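> Quick one: sequence plus predicted model below, questions after.
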Amino acid sequence: MKRAILLQIGGITNSKRKILRASNDNAISEFNRIFDERDHCLKFMDFHRKVYSSIKENTSFNSQVVCDLERKVWKSRGKARRLTIQFNVPRNCKTNFETKSNFFIELGIRPRNRIAVPIEKNRNYQRFTALLDAGWSCKTYGLTSNLQIVAYLSKEEIPIAQRKNVLGIDINAKHFAVSVVSPQGDVLYQTYFGRRIYAKRKKIMERRSRLQSLDARKALKRLRTYESDFVKTNLGQMVREIMNLALRFDADIAIENLKRFKPKGRKYNKKVMKIPFFTFRQILASRCFDNSVTLNVIDSWHTSKWCSHCGAVGKGHDSNNYALFRCKCGLVVNSDRKASHAIAVKSLLEREHVLTDNAQISNRRVPVNGLMRSDDVVLQHANQPMECHRL
């Protein structure tokens with residue numbers, strides 16, 4: 001498991017600031033210079049032999065920094081505007097002394113010459129030291145373009161015992177639906193999260209449209225930063241509440257493996273791209289690791305079309321109301337809540353102790369293995385109706 005923490009530089013002298021700024025600018029210029037030469041190489045080693053000596057001539061970087069820069073260029077899709085220079089411990093970086101107010105990191109900017117960078121002992125530093133005490137290790141530090149230090153931490157993953165129940169999460173633009181399901185198919189708890197994020201983003205979009213008409217670039221930049229901070233803060237709070245539910249009901253967590261979607265129009269694409277799925281998944285994975293909760297990423301096949309009452313696979317969303325799921329058996333229920341239920345059931349079906357070669361048939365003579373792809377093994381599970389309205 002890996003994670004990164006941003007540490008703030010404090011009380012640095014002007015001379016050190018100039019050296020750090022010049023080093024980062026030099027790294028960006030070298031990155032963009034050798035990026036054009038990458039297309040003429042078929043293998044990374046050919047690229048390394050071609051550009052290594054020129055980088056050493058143009059910069060004062062150590063070999064470790066040069067090789068790391070080459071790897072970033074080889075994997076990059078375009079030229080860089082910002083860049084984080086990485087320094088490995090102990091070869092190119094040391095962290096062996098501190099004072100009452102600052103913690104110092106020595107970065108090997110120049111060969112055989114390290115610069116001591118003071119780090120403020122704020123909340124991020126306290127969190128950093130707490131992780132080190134908890135068994136995390138930090139073997140790499142990074143210098144960002146805005147002169148901050150990134151600590152890259154890692155910890156070996158250990159096998160986690162399987163919990164009794166499963167908490168399924170359905171992610172969409174307006175809210176995140178959550179369902180806790182037992183191995184017997186009972187729905188133990190259901191709720192929604194993230195409504196505040198959607199409401200706030202809607203107001204931000206309206207304000208952004210007005211600012212764009214006025215060509216207020218500085219205000220637009222501040223609004224973009226505010227939106228990003230607001231979303232990350234609320235996602236962290238939402239993940240904390242979800243984790244409390246998982247621990248309360250002794251449940252593993254299951255989410256869909258969402259991939260690229262097919263474009264369906266400007267308005268639809270804009271709404272879907274606003275879903276903070278990747279950021280949410282990153283925060284959730286780190287919190288699951290900290291609390292010894294298994295995070296299951298399942299296939300999204302038919303989770304929106306599968307009926308949780310009879311097991312049939314229908315059209316999914318109601319034609320008149322997109323927020324509802326309607327089945328021929330008479331089930332009418334919120335589509336997002338039903339999808340979170342289906343995700344939890346599918347995670348239960350993938351457990352080894354419920355595998356079987358015979359598909360169960362409901363009272364309506366409908367197979368309940370519609371959640372699984374046709375090329376997968378047939379699975380059995382006893383489903384029970386969730387809260388619904390009968391026509």
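Sure, I can see it.
> Show me the chain divided up by domain.
Structural domains of the chain, as assigned by automatic domain parsing, span the residue ranges 2-154, 165-390.
> Now mean pLDDT and mean neighbour count too, for those domains, in JSON lines please.
Every C-beta, even on glycine, is put in place using the N, C-alpha and C of the backbone. Compiled in JSON lines, the domains of the chain are given as follows (pLDDT from 0 to 100; neighbours: other Cβ atoms under 10 Å):
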{"stretch": "domain 2-154", "mean pLDDT": "87", "mean neighbour count": "16"}
{"stretch": "domain 165-390", "mean pLDDT": "77", "mean neighbour count": "17"}
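> which element follows the helix or strand containing Q212 toward the C-terminus?
Secondary structure assigned from DSSP states H and E places Q212 in helix 195-214. Reading on from helix 195-214 to the C-terminus, the next helix or strand found by DSSP H and E is helix 217-248.
> Alpha carbons of the helix or strand just after that next one, in CSV - could you do that?
Helices and strands here follow DSSP H and E; after helix 217-248, the next one along the chain is strand 251-256. These are the backbone C-alpha positions of strand 251-256, laid out as CSV (Å, rounded to 0.1, in the frame of the first residue of the first chain):
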residue,chain,number,x,y,z
ALA,A,251,-18.9,-5.7,6.7
ASP,A,252,-16.5,-5.7,3.8
ILE,A,253,-16.9,-2.9,1.2
ALA,A,254,-17.7,-3.5,-2.5
ILE,A,255,-17.6,-0.9,-5.3
GLU,A,256,-17.9,-1.2,-9.1
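> which stretches of the chain form helices?
14-35, 44-58, 63-75, 123-133, 195-214, 217-248, 266-273, 277-290, 335-349 (DSSP state H).
> For the second one, which helices and strands make contact with it?
When contacts are defined as 3 or more Cβ pairs under 8 Å, 6 or more residues apart in numbering; DSSP states H and E, helix 44-58 sits against helix 14-35, helix 63-75.
> ok and the last one relative to helix 14-35, angle-wise?
Okay, so that is helix 63-75. Angle between the axes of helix 63-75 and helix 14-35 is 40 degrees (criterion: axes from the mean of the first three to the mean of the last three Cα atoms, to 10 degrees).
> Show me what helix 63-75 packs onto, helices and strands only.
Helices and strands in packing contact with helix 63-75 are listed as helix 14-35, helix 44-58, strand 85-88; criterion 3+ Cβ pairs under 8 Å, 6+ apart.
> okay, the ones you listed in JSON lines with distance to T129 next?
Output for the helices and strands packed on helix 63-75, formatted as JSON lines (distance: least, Cβ to Cβ, whole Å):
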{"stretch": "helix 14-35", "distance to T129": "23"}
{"stretch": "helix 44-58", "distance to T129": "35"}
{"stretch": "strand 85-88", "distance to T129": "19"}
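> between those, which gets nearest to V150?
Evaluated with Cβ to Cβ, the helices and strands packed on helix 63-75 place strand 85-88 nearest to V150, the distance being 8.4 Å.
> quick revisit: nearest to R217, out of the helices and strands packed on helix 63-75?
R217 lies closest, by Cβ to Cβ, to one member of those: helix 14-35, at 22.5 Å.
> quick one: that closest one to chain centroid distance?
29 Å (Cα atoms, centre = their mean, to the nearest Å).
> Can you name every helix or strand that that helix contacts?
The contact analysis (3+ Cβ pairs under 8 Å, 6+ apart) places helix 14-35 against helix 44-58, helix 63-75, strand 85-88, strand 102-110, strand 113-120, strand 137-143.
> which ones are touching S292?
160-161 (Cβ atoms under 8 Å, 6 or more residues apart in numbering).
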